[in-house]
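Model the structure of this input:
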Amino acid sequence: MFSNIQAITARWIIPIIPAKTILENYTLIIDNDCIIDLLPRDIAMNKYSGIELEEFETHVLMPGLINTHTHLAMNLFKGMADDLELEDWLQNYIWPAESATLSHKMVEDGTTLALFESIQSGVTCVNDHYFFSEAVSKAVIKAGVRARISHCIFSFPLPWIDDVETYFEQSNKLINDYKSNPYIYPCLGPHAPYTTDDEIMDKVTSLSQKHDIPVHIHLHETKKEVDDFIKDKGKSPVAYFHEKKWLHNNFIAVHMTQMTEAEAEMLSQNNVSIAHCPESNMKLSSGAFNWELANKYNINVSLGTDGAASNNDLDMLGESKSASFLAKLQFGPKSLNVFEALEMLTINGAKALKLEDEIGSLEIGKKADFIAINMDSLDCEPIYNIASQVIFASTRNQITDSWVHGKRIMKDRNVLTLNEEQIRAQTQLWQKKIIDSINQK
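Numbers count the residues shown, from 1 in each chain. Coordinates of the predicted model:
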């Protein structure tokens, strides 16, 4: 009767929905890949008496973390170019390195490296924005996580892209190949307003509406980007996109470090989600996201790490702490509280990716994507408010176990789906290739 059922008990469970809820000594019941019950431990022992309970006596269980903006393969460029402004960083370091080395194999290996780090950081779902989407998909399926994947789209060819139409051929292939895959969810990835044009955005919007999939784009990342666009078009990218009807409820605006009240209202009117990447924005000195303005207009705000080349890690717990502290620095100590930070890590990310019916909270009927965080550390003592300790005192190294689709992909910090030594060896080979390629340039 209970052959496919797991029963997992924890000292604390933070289900996210209902909001601001902390359950103590509860049990999560999973049947195959779905949550079928969440109830007190004593009641669970009677109701499911034939099942052995797995006990996490010092842990928090919560939904898996959702990284809503990253370029996974760029983990291979981590630490290659630091302490630079965005334009200099892109044009003089990252784009030349990509031109010299980017390939299907490089993206697959770089993505695998990033997914290993992501799993150990408690991430169970990512929103990746890069190239060679078939290679990204292959790595994601092997790792056993979920992913929204988009093939980055520009209005001009690149060394590995023959012509503009190839971007859409690759995007359509991704949509057709993975429209019913349980791990891969296609997405559309125009790069940014300054690297696309009206024809590109019209096509992207049409495809998004046709297939009901999100659009994922860098928007208002820096003041210079916005100022240059205003000089060219007479209005900001958000205002221009609003006028063109490119903003909609399947639109993820990444960064938004520059935002007026009028622009916030436009985003709100169109039910746009924002992927906030505080650490990358701080590191590149791109600007500070206006949390209070987004909150005032009820804009859904999720979290992303950006690529590790501009962060330099994929630590989502750290990202949430940085987001909260940045908001408090700007707007006062009550801004972006711990429960809001937890929502940004989980259900808000699911909403941005249009996956809130499947993941983002521990509710009956949803998929069993969740993590365990060990609070048995003096760093976290004393515990007055467990939610506060998760956001403000915990580190990703305390995340011990992870499940996706009800399958354990990490146990006691050991990633079960990937080979750490193989990844290390491949990464060191790529480091040498990248250095040699740049030196040859």
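
Now do the longest strand anywhere in the chain: distance to the chain's middle.
Ordering each strand of the chain by length in residues (DSSP state E) puts strand 53-63 first. Chain-centre distance of strand 53-63: 24 Å, with C-alpha atoms, centre = their mean, to the nearest Å.

shouldn't Ser273 be in contact with Phe251?
Yes - between Ser273 and Phe251 a contact is recorded at 7.2 Å, counting by C-beta atoms under 8 Å. Just so you know, the C-beta spots here come from the backbone N, C-alpha and C atoms, and that holds for glycine as well.

From one end of stretch 251-259 to the other, what's the distance?
End-to-end distance for stretch 251-259, by C-alpha to C-alpha, to the nearest Å: 16 Å.

Now do that stretch, average pLDDT.
Mean pLDDT, computed over stretch 251-259, is 98.

helix/strand/coil for the residue most central in space within the chain?
Nearest residue to the geometric centre of the chain (C-alpha atoms, centre = their mean): Asn67, 1.4 Å. The three-state assignment at Asn67 reads strand, by DSSP: H, G, I helix; E, B strand; the rest coil.

can I assume it is in contact with Ala350?
No - assessed by C-beta under 8 Å, Asn67 is found out of contact with Ala350, at 11.8 Å.

what's the neighbour count on Lys244?
Around Lys244 there are 12 other residues, counting by other C-beta atoms under 10 Å.

which residues touch it?
Lys244 makes contact with 198, 201-202 under the criterion C-beta atoms under 8 Å, 6 or more residues apart in numbering.

Quick one: mark the members of the residues you listed that sit in helices.
Those of the contacts of Lys244 mapping onto helices are 198, 201-202, per DSSP state H.

Which one of the residues you listed is nearest to Trp403?
Distance to Trp403 across the ones in helices among the contacts of Lys244 (C-beta to C-beta) is lowest for Met201, with 38.3 Å.

Who are the contact partners of that closest one?
Counting by C-beta under 8 Å, 6+ apart, Met201 makes contact with 190, 241, 244, 246.

returning to that earlier point: looking at the contacts of Lys244, spot the one nearest Gly304.
Distance to Gly304, by C-beta to C-beta, is smallest for Met201 among those, at 21.3 Å.

Spit out the residues that contact Asn67 and Ala350 alike.
Cys125.

Specify which member of the contacts of Lys244 is nearest to Ser268.
Ser268 lies nearest to Met201 out of the contacts of Lys244, by C-beta to C-beta, at 20.4 Å.

number of nearby residues for Lys142?
15.

which SSE is it in?
Element membership of Lys142, judged by DSSP states H and E, is helix 133-143.

Show me what that helix is packed against.
In this structure, helix 133-143 packs against helix 104-120, strand 123-130, strand 146-153, helix 164-177, strand 184-190, with contacts taken as 3 or more C-beta pairs under 8 Å, 6 or more residues apart in numbering; DSSP states H and E.

hmm, who's touching it?
Outside of helix 133-143, the residues within contact range by C-beta under 8 Å, 6+ apart are 72-73, 104-105, 107-108, 111-112, 115-116, 119, 126, 128, 130, 146-147, 149-151, 170-171, 173-174, 177-178, 181, 183-184, 409, 417-418.

Of these, keep whichever come out buried.
Using 16 or more other C-beta atoms under 10 Å as the burial test, the contacts of helix 133-143 include 72-73, 107-108, 111-112, 115-116, 119, 126, 128, 130, 146-147, 149-151, 170-171, 174, 178, 183-184, 409, 417-418 as buried.

which regions of the stretch 1-150 of the chain sit below the pLDDT cut-off?
Counting by pLDDT under 70, the stretch 1-150 of the chain shows low-confidence ranges at 1-3.

for the longest helix along the chain, packing partners?
Longest among the helix segments of the chain by residue count, using DSSP H, is helix 420-440. Judged by 3+ C-beta pairs under 8 Å, 6+ apart, the packing partners of helix 420-440 are helix 95-101, helix 104-120.

could those go into a markdown table alongside distance to Pro157?
A markdown table is the format used below for those (distance: least, C-beta to C-beta, whole Å):
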| stretch | distance to Pro157 |
| --- | --- |
| helix 95-101 | 12 |
| helix 104-120 | 18 |
